[in-house]
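1. dropping a prediction and its sequence here:
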Protein chains: 4
Amino acid sequence: MDGRSRRREDTRQRLYEAAVELIAEQGFSATTVDDIALRAKVAKGTVYYNFKSKTDLFEELLRHGVGLLTAEFRAAVADLPPREAVRALIRAQLEFIKRYQAFAQLLLSEMWRTNREWQQTLVLLRAEAIGVIAETVQAGVDSGDLPADLDVRVASSALFGVGLVVAVDWLVFQPDRPIEDVEESLLAIVRRVA
Amino acid sequence: MDGRSRRREDTRQRLYEAAVELIAEQGFSATTVDDIALRAKVAKGTVYYNFKSKTDLFEELLRHGVGLLTAEFRAAVADLPPREAVRALIRAQLEFIKRYQAFAQLLLSEMWRTNREWQQTLVLLRAEAIGVIAETVQAGVDSGDLPADLDVRVASSALFGVGLVVAVDWLVFQPDRPIEDVEESLLAIVRRVA
Amino acid sequence: MDGRSRRREDTRQRLYEAAVELIAEQGFSATTVDDIALRAKVAKGTVYYNFKSKTDLFEELLRHGVGLLTAEFRAAVADLPPREAVRALIRAQLEFIKRYQAFAQLLLSEMWRTNREWQQTLVLLRAEAIGVIAETVQAGVDSGDLPADLDVRVASSALFGVGLVVAVDWLVFQPDRPIEDVEESLLAIVRRVA
Amino acid sequence: MDGRSRRREDTRQRLYEAAVELIAEQGFSATTVDDIALRAKVAKGTVYYNFKSKTDLFEELLRHGVGLLTAEFRAAVADLPPREAVRALIRAQLEFIKRYQAFAQLLLSEMWRTNREWQQTLVLLRAEAIGVIAETVQAGVDSGDLPADLDVRVASSALFGVGLVVAVDWLVFQPDRPIEDVEESLLAIVRRVA
DNA sequence: AATGAATGAGATTTCATTCAT
DNA sequence: AATGAATGAAATCTCATTCAT
């Protein structure tokens, strides 16, 4: 790597991981830079050597995480036919949430808040992720596979939210339940579009 | 004056209202006691005359709010037959969320966090509210109105979560959409149990 | 009683007692008006109905307590011959401290501090109490019963301080030891003037 | 840098010195952290960077100070014969008090209070310091240099208290009197054990 | 590239005092 | 004569940020 050394990139990664876990558990404001440095096993000054500010770290974190999710959404739909594509999106979301549990928890907690500094960032990122869903649903409506009266924006938004809340509820309150069960529940719930 | 004077009870009510709005927007930690006192139009000391701490105010707020919701759930089901009762619960939840929008937002943000001081309180309160749903669903399963293979706990939990996220999403991102639409979406989504 | 009703005088007495105990244990600043009201079983406002301020309550308390001590000193010496008079003073001090333990503790803690609001009051009261001792010692020197080279002021001051510290040490750290023992220790200690 | 950097250790020392003077004059509760920081010429936050709390600073201060006193006691007795050893202890106490006047004043004010957070700490520290005196007195009793009927614990306790109160009385009310006078008064007072 | 001591603005909390009843 | 809710100034404590090393 050039520009940013490998060592530095490693430090940033450790900071991301520490921050995402702590913010998932406690929220952004309740998580201190000391906490983050401690969990990442670096000195406090190192946080500021790598990020402009605590908020900056968090925004980069959001971008990083939602970027991953959107990429997986895109990969999931590939060229599948509409209904299968929707099912693939749900599966992808579930798998993402399972893998990045803390990030999902954090999204659920922050996504419907208003009046926070990173609000704008989050709204944009949300639009990106939901955009992929919307494209897929729209394709289904166009092809006649999904009901013509479906409000695409509303349905996509709901799909995303329902997936998030059901999956996180699962991870937090019934972690022993197998993922297939959860996927089934989700599919049952969203039958109309999947 | 019955135990607590009317004046005092009025002050507490004002503090609840101020706190719930601010915390919904910004979260618990980002909301200052100064903000709360200012919005409630009392002196800062008054907050501490009425509540042991900021956390205590928040916990009592949660108890107060979830208490109201649970009461409305109980009133809604009355003696209705199972499927109607479930529909009534959904309607009650929607109406509650519409009426106490800020409280709903706050619940959505805090309910799936772990590691916060009021976690235990919240888990208990959640169990109470979901309990009413579970009783209704169970009655439906027992009477044969709902599928026998339905996992009651899981379904009730999902019903609650989905209602919350869809309604808050509506209020935050599509406030102009009529409530009937939202109710319909919700019913469509949860067709299996309603 | 006229001017001040019996009820009011009773309330003031209860406040004195509550205050003296708490201040002995914790010191003046660490004792709150709430504490005092609670222990005296009156409402907080009542403290201010009876005393101008917390400091005022404390100063009146000091005056009241040292007044009692000085009176007992005067009663003790009566017309006794010098050395007996000194012994009588020591006994009187011990008995006073035993009876008003909390007050003695409080005196020991506050008497050698500087820079407190009531400093002046306390210095005056101390001078009064030590004055009685000094008169007695002076009489002994004059009559030849006590050594002519004795520095009266210094000796009286030491007599008072030593009595206070030994007696309070006894009450706090060896409360089971009989008072006669303590008296004996004290007499042994101050043999030169008694 | 050994464990704690030199800079940090210097800051802590400055904070000790500032705190001891202020607390001697005004007492613990009446001394603010602002006062301490101001006198130590550091920012308020620095106090909390170095000590968990105001109480923690005070407890460490007590430990530090009594540690010094105990060390000087041990150095003073060396291998002297009993009565000389007792005299050496008295001289050591006087010199310590003269040198660390503020600390002595503070001890006198806090040592016989009950119900303060640091009570336990102080009782332990007191036992340590008095322990050295008691060893010396015990040796004197064992060797026949001191009266066989002397209650060692009581005598040591009294010795310590009397030394403290007489020396502080001297520093506060008669600072011009030469130390030799004070030492002589003390020796006269405690003739039985010295 | 990283460190950790120090900072100071701003948060939470306390508490003597006031005041309407 | 007493009460207790309310106040606001001042206390304790926290924490994002800076900076010298």
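-> Sure, I can see it. Numbers count the residues shown, from 1 in each chain, chains lettered A, B, ... in the order given.

2. in contact with residue A:36: list those residues for me.
-> By Cβ atoms under 8 Å, 6 or more residues apart in numbering or on different chains, the contact list for residue A:36 reads A:15, A:18-19, A:22, A:47, A:57. Glycine gets a C-beta too; all of them are placed from N, C-alpha and C.

3. whoops, residue A:72 was the one
-> A:92, A:95-96.

4. where's it relative to DNA strand F, distance?
-> 31 Å (Cβ to the nearest atom of the strand, to the nearest Å).

5. backbone phi and psi for that residue, please?
-> In terms of degrees, to the nearest 10, the main-chain angles of residue A:72 are phi -70, psi -40.

6. and the furthest pair within the contacts of residue A:36?
-> Farthest pair in the contacts of residue A:36 (Cβ to Cβ) is A:22 and A:47. Separation: 12.2 Å.

7. tell me the SS of residue A:28?
-> Following DSSP: H, G, I helix; E, B strand; the rest coil, we place residue A:28 in the coil state.

8. wouldn't it be in contact with residue A:117 here?
-> No: Residue A:28 is beyond contact range of residue A:117, at 9.2 Å (criterion: Cβ atoms under 8 Å).

9. which of those two has more neighbours?
-> residue A:28 (22 against 13; other Cβ atoms under 10 Å in any protein chain shown).

10. for residue B:24, see how far away that one is.
-> Computed as Cβ to Cβ, to the nearest Å, the residue A:28 to residue B:24 distance reads 15 Å.

11. ok so, going back, most surrounded residue in the contacts of residue A:72?
-> Neighbour max across these (other Cβ under 10 Å) = residue A:96, 22 neighbours.

12. buried stuff in the helix or strand hosting that one?
-> Secondary structure from DSSP states H and E places residue A:96 in helix A:82-99. The neighbour-count check on helix A:82-99 (16 or more other Cβ atoms under 10 Å in any protein chain shown) flags A:82, A:85-94, A:96-97 as buried.

13. relative to helix A:82-99, how tilted is the helix or strand just after that helix?
-> Note on helix A:82-99: by DSSP H and E, the next helix or strand toward the C-terminus is helix A:101-110. Per axes from the mean of the first three to the mean of the last three Cα atoms, to 10 degrees, the angle that helix A:101-110 makes with helix A:82-99 is 110 degrees.

14. can you list the buried residues of helix A:82-99 in a markdown table and add pLDDT?
-> A markdown table is the format used below for those (pLDDT from 0 to 100):
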| residue | pLDDT |
| --- | --- |
| A:82 | 92 |
| A:85 | 95 |
| A:86 | 93 |
| A:87 | 93 |
| A:88 | 95 |
| A:89 | 96 |
| A:90 | 94 |
| A:91 | 94 |
| A:92 | 96 |
| A:93 | 97 |
| A:94 | 95 |
| A:96 | 97 |
| A:97 | 97 |
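
15. got the contact list for whichever helix or strand residue A:49 is part of?
-> In this structure, residue A:49 is located in helix A:44-50 according to DSSP H and E. By Cβ under 8 Å, 6+ apart, the residues outside helix A:44-50 that reach it are A:8, A:11-12, A:15, A:33-34, A:36-37, A:40, A:54, A:57.

16. most neighbours among those residues, which one?
-> Busiest of these [other Cβ under 10 Å] is residue A:36, holding 26 neighbours.

17. run a quick neighbour tally on the residue of chain A at minimum distance from DNA strand E.
-> Proximity of chain A to DNA strand E (Cβ to the nearest atom of the strand) peaks at residue A:45, 2.0 Å away. Residue A:45 has 10 neighbouring residues, counting by other Cβ under 10 Å.

18. quick one: the helices in chain A, in order.
-> For chain A, the helices defined by DSSP state H cover A:6-26, A:33-40, A:44-50, A:54-77, A:82-99, A:101-110, A:119-143, A:152-173, A:179-189.

19. can you list the buried residues in the fourth one?
-> So that's helix A:54-77. For helix A:54-77, by 16+ other Cβ under 10 Å, it's A:54, A:57-63, A:65-66, A:69-70, A:72-73, A:76-77.

20. now do the phi/psi pair for residue A:41.
-> phi 60, psi 50.

21. distance of it from chain B?
-> Using Cβ to the nearest Cβ, to the nearest Å, we find residue A:41 at a distance of 20 Å from chain B.

22. from residue A:48, how far off is that residue?
-> From residue A:41 to residue A:48 the distance is 16 Å (Cβ to Cβ).

23. between those two, who's got more neighbours?
-> residue A:48 (15 against 10).

24. ok, residue A:147 to residue A:82 distance?
-> 12 Å.

25. and for residue A:169?
-> 28 Å.

26. can you list the weak-confidence ranges in chain A?
-> A:1-4, A:192, A:194 (pLDDT under 70).

27. now do the contacts for whichever residue of it sits closest to chain B.
-> The nearest approach of chain A to chain B comes at residue A:29, 3.3 Å away (Cβ to the nearest Cβ). Residue A:29 makes contact with B:27-30, according to Cβ under 8 Å, 6+ apart.

28. switch the cut-off to 10 Å
-> A:23, A:54, A:116, B:26-31 (Cβ atoms under 10 Å, 6 or more residues apart in numbering or on different chains).

29. and for residue A:94?
-> Counted by Cβ under 10 Å, 6+ apart, residue A:94 has contacts A:104, A:163, A:166-167, A:170, A:179-180, A:182-183, A:186.

30. if any of those are buried, give me the PyMOL selection for them.
-> Listed next is the PyMOL selection for buried residues among the contacts of residue A:94, using 16+ other Cβ under 10 Å:
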select buried, chain A and resi 104+163+166+167+170+182+183+186
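
31. before we move on, back to that, what residues are shared contacts of residue A:28 and residue A:117?
-> Joint contacts of residue A:28 and residue A:117 (Cβ under 10 Å, 6+ apart) are A:55, A:58, B:30.
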